[in-house]
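Undergrad: Below are the sequence and a predicted model; questions follow.
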Amino acid sequence: MNPYVLTALLSSLGLGTTLTFASSHWLLAWMGLEINTLAITPLMAQHHHPRAVEATTKYFLTQATAAAMILFASTTNAWLTGEWTINNLSSPVASTMFTAALALKIGLAPMHFWMPEVLQGLDLLTGLIMSTWQKLAPLALIIQVAQTVDPMLLTTLGVMSTLVGGWGGLNQTQLRKILAYSSIAHMGWMVIVIQYAPHLTVLALATYIIMTSAAFLTLKMLLSTKVSTLATAWSKSPVLASAAALVMLSLGGLPPLTGFMPKWMILQELGKQDLPIIATIMALAALISLYFYLRLCYAMTLTISPNTTASTTPWRAHTTQTSLPLAIFTVTALGLLPMTPTILVLTT
């Protein structure tokens, strides 16, 4: 892609998210989301592969549907209340419609069906942008309207997302689909606590972005998109394979890694809110997710490649990829747990 076009598209991505962050008017927030969607669409289809074009079309139609729902809900709210401000969402119909539209935007269950299919058709860097940056603007809007939405609705979306994210990833052989279901499960953890402690949602989002970035960059370094090709990782780089296995365990929320921190804090908050049954379901759903992360660790470190090929295998070729971002994200994805008190002070 032309560097000038790429710069314009990435700048538009930043502009759309910033506009949504800074707006207190529903029309401006909607415009920010639309700029975001239109900016990432050419990035998704840049390789002109039929699978990428299909994924782009699915993503565009899904996001357009969600945007239309947001516009309709904001118009309904303005009709009933006479105001366009985001914080004044007093109509139950409009707030429910907003929540459904934003859940569709970020891929919360049961509006999650597009997420694995779209992510499977993208290259790893574009998939990384869609799994991290594209979640920021809708989550910012959900945080702003969370206090006016029915708590039962948010709790249902959160529990369903963690369960679907866990069960859906169990039988997958494609790494991008596994990371898509991982994203759905993590979104459920963020939404479940958003009405009680929004700062914990921000904390969970930050740790999710760090861990997912480390996972995607590791797969890009290993040139792996399937579980079976992970078996060559140890031959290529034992250190990278070991770090990647720890990153997967961190995504699963295993102590003493960074991923344990948001789950620990969220379960503690749910206990304080007298929701022990919900907290138990969330913890059990996290165990389901942990199983398919352990599958990836097993494939990466304890198996040999099942394929024999006459061509040059990826681990024999010298890579020209930069490893500094991968190193930074991997270190932070593994070692932030001891800094939990400091991070909580900074976020509250």
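TA: Cool, got the structure. Every value quoted in this text rests on a predicted model; they were computed, and no experiment measured them.
Undergrad: domain ranges for this structure?
TA: Here the domain assignment for the chain is 1-143, 150-306+321-348, based on automatic domain parsing.
Undergrad: Now tabulate those domains in a markdown table and tack on mean pLDDT and mean neighbour count.
TA: Quick note: C-beta positions are derived from backbone N, CA and C, even for glycine. Listed next are the domains of the chain as a markdown table, based on pLDDT from 0 to 100; neighbours: other Cβ atoms under 10 Å:
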| stretch | mean pLDDT | mean neighbour count |
| --- | --- | --- |
| domain 1-143 | 92 | 18 |
| domain 150-306+321-348 | 90 | 19 |
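Undergrad: Which strand or helix spans the closest residue to Thr332 other than its chain neighbours?
TA: Nearest non-adjacent residue to Thr332, counting by Cβ to Cβ, 6 or more residues apart in numbering: Ile210, 5.0 Å away. Using DSSP states H and E, Ile210 falls within helix 198-222.
Undergrad: Could you list every helix and strand in contact with that helix?
TA: Applying 3 or more Cβ pairs under 8 Å, 6 or more residues apart in numbering; DSSP states H and E, we find helix 198-222 packed against helix 124-131, helix 133-145, helix 175-192, helix 238-252, helix 260-272, helix 324-335, helix 340-347.
Undergrad: Can you give the distance of it from its chain's centre?
TA: Averaging C-alpha positions (Cα atoms, centre = their mean, to the nearest Å) puts helix 198-222 8 Å from its chain's average.
Undergrad: Can you check what angle separates it from helix 175-192?
TA: On the basis of axes from the mean of the first three to the mean of the last three Cα atoms, to 10 degrees, helix 198-222 is oriented at 170 degrees to helix 175-192.
Undergrad: Using PDB, write out every CA atom in the helix or strand that helix 198-222 is followed by.
TA: Remark: after helix 198-222, the chain's next helix or strand is helix 233-236, criterion DSSP H and E. Extracted C-alpha coordinates of helix 233-236, given in PDB (Å, rounded to 0.1, in the frame of the first residue of the first chain):
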ATOM      1  CA  ALA A 233       8.200 -22.600  16.900                       C
ATOM      2  CA  TRP A 234      10.700 -24.400  19.200                       C
ATOM      3  CA  SER A 235      13.000 -25.200  16.300                       C
ATOM      4  CA  LYS A 236      13.000 -21.600  15.200                       C
END
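Undergrad: Next up, identify which helix or strand the closest residue to Thr76 other than its chain neighbours is on.
TA: Leaving aside its sequence neighbours, Thr76 sits nearest to Ala94 (Cβ to Cβ, 6+ apart; 4.7 Å). Taking DSSP H and E as the criterion, the element that holds Ala94 is helix 92-106.
Undergrad: tell me what that helix is packed against?
TA: The contact analysis (3+ Cβ pairs under 8 Å, 6+ apart) places helix 92-106 against helix 50-81, helix 133-145, helix 151-168.
Undergrad: residues contacting the residue nearest to Thr332?
TA: Neighbour list for Ile210: 258, 329, 332-333, 336 [criterion: Cβ atoms under 8 Å, 6 or more residues apart in numbering].
Undergrad: just Thr303 next, same as before
TA: Residues in contact with Thr303, defined by Cβ under 8 Å, 6+ apart, are Ala231.
Undergrad: No more questions from me, cheers.
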